Each structure stands twice: as C-alpha cells, then as structure tokens.
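Trainee: Give me coordinates for this.
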Amino acid sequence: MNAARKDIGILIADHHRVFRARLRRVLKAQPDFCVLGEARDGEQALHMARRLKPEILLLDFGIPYMSGPEVLCGLRTLANWVQTVILSATLGRKQIVAALYWGARGILSKDAAAKTLLEGLRSVLAGKYWVCCESVPDRAQAILRFRPPPDEGERRQGFSLTRLDRKIIALVEVGYTAKEIAQELTFTRPAVEHLLNCIFEKLGVTNRLELVLFSIDHHLTEIPPAITS
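Mentor: Sure, this is the predicted structure:
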C-alpha cells in the first residue's frame, strides 16, 4: 500500500458513466476504500494508474482505445503496487486464462452483487486470486480450474513435443519468465529461449500468449500443484 495514504486507493476504468457511478457508490460506502479517480478508456486508465498509483485498478476488459490485455501489459512495471481486477459482462474460459496470464488478480462479472464485488476485492488485497465468484490461492490453480474442458472423446495430440517441452509450456502457463524457467530447470537463459523458439515452431505460434492459449485448447499440460505464481 502507498505509504502516503491510509485508505486503499481504487481507480475505476470503464467507458460506461452510469456503471462507474454505481461502482463509486458501492466503494465509497466502505470506510477504508478511497476512489482516486475514473478513467473512460484504456489510455487514460494507464496514464492515471501510473500517476495515482492505486492499490486496485477495476478495469473493464472491453475498454476502448486500448484493450484490457494491452492495459495489463502496460501495467507490468507497476505490479509492485497495482492489483488489477477485470470487470466484464461476459468472459469465456479462454479469456479468463488470458487475463490471468497478463497479470489480472481478479475476474468479476459486471452483474455481480455489491457483496460479491467487495468480497472479491478484499480477497485480492489479501494476496489471493478471485475468479468469477470464488477465491483461488494462486494463479496456477486458477488457470487449471478455468481451463476449457476437453471435448467428448478428445485425444491429446503429440505435436512432436518432448516431456521437457511440456514442462516448459506448463511453466509458461503460470507466468514464469525465461530467466525463471532457466533457474527452475538449471539451464542457461539462452538455452531456454532456444527451446521456446523450437516449441513455437512445432505448434505454429509466435508468442507466449498464443502458446498458452494453444496449450489450453489442446490440453497439452497438467500443471504440477507445486508450480505457483
């Protein structure tokens, strides 16, 4: 929490004025919450987050000018103090996993009751993840829980992946950087980056997010319980 403030600072980023007003009323009723400002689009949200340094950013996933994932990516340098909670009317399982991958700490429906909203925010402030209507201890469990179920009779395809490839993919899924993967596997970072490029070529993807979503679609991995974010 920002040492200059006793209250928990919250920034609301949503392009619907009426919805922002509703959120403000709910949050202002809490003695320890302080609404620092409201943003109407993604660019404004990113600028205000950098300037105001809120503890919580309530971010509309479909906000205009910059998408939810783009805002999350831009906020990575502020991860030490900003916890982002995504707001959306409808989010599929794949979008939920993508939001978690890009750094969201919570996913809330715009139709959620005030009690659920507040419970979710306090869960995030306590260091947990809040996805839809439940608290989840860590990102790995959240990703596994909301991974789309396989189709009836679906068989896992090999895609020429080795056991090491699958382990690297599992680490990428829960947010490990190339440096962290190298430390986990006792490899050099260049070696890990080479292996990642080989995996990209095998699967026909071009970046880490595409890799995560491809893995989710095809159920390539089972993330070990010990691997957490």
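
Trainee: Which elements pack onto the lowest-mean-pLDDT helix or strand in the chain?
Mentor: The helix or strand of the chain with the lowest confidence, counting by mean pLDDT, DSSP states H and E, is helix 139-146 at a mean of 71. With contacts taken as 3 or more C-beta pairs under 8 Å, 6 or more residues apart in numbering; DSSP states H and E, helix 139-146 sits against helix 93-101, strand 129-131. The way it works is simple: take the backbone N, C-alpha and C, and place the C-beta from them, glycine included.

Trainee: Now do the contacts for the most centrally placed residue in the chain.
Mentor: Of all residues in the chain, the one closest to the mean position by C-alpha atoms, centre = their mean is L100, 2.2 Å from it. Counting by C-beta atoms under 8 Å, 6 or more residues apart in numbering, L100 touches I107, Y129, V131, R139, A142, I143, F146.

Trainee: Break this structure down into its domains, please.
Mentor: 8-146, 163-218 (automatic domain parsing).

Trainee: how far does the last one sit from the chain's center?
Mentor: The chain centroid and the centroid of domain 163-218 are separated by 18 Å, computed with C-alpha atoms, centre = their mean, to the nearest Å.

Trainee: now the longest one
Mentor: A distance of 9 Å separates the C-alpha centroid of domain 8-146 from that of its chain, computed with C-alpha atoms, centre = their mean.

Trainee: Need the distance between the two termini of that domain.
Mentor: Chord length of domain 8-146, first to last residue, is 29 Å (C-alpha to C-alpha, to the nearest Å).

Trainee: So that it lines up with my notes, have the first residue be 234 from now on.
Mentor: Sounds good: first residue 234 from here, last item domain 241-379.

Trainee: Which residue comes closest to A424 once chain neighbours are left out?
Mentor: Setting aside the residues directly before and after it, A424 is nearest to A415 in space (C-beta to C-beta, 6 or more residues apart in numbering), at 7.1 Å.

Trainee: Go ahead and confirm the one you found touches V425.
Mentor: Yes. Counting by C-beta atoms under 8 Å, A415 does reach V425; the two are 4.7 Å apart.

Trainee: neighbour-wise, which of these two wins?
Mentor: Using other C-beta atoms under 10 Å as the criterion, A415 and V425 rank with V425 on top: 22 against 18.

Trainee: isn't the more buried one right up against A411?
Mentor: Yes. Counting by C-beta under 8 Å, A411 is a contact partner of V425 at 4.9 Å.
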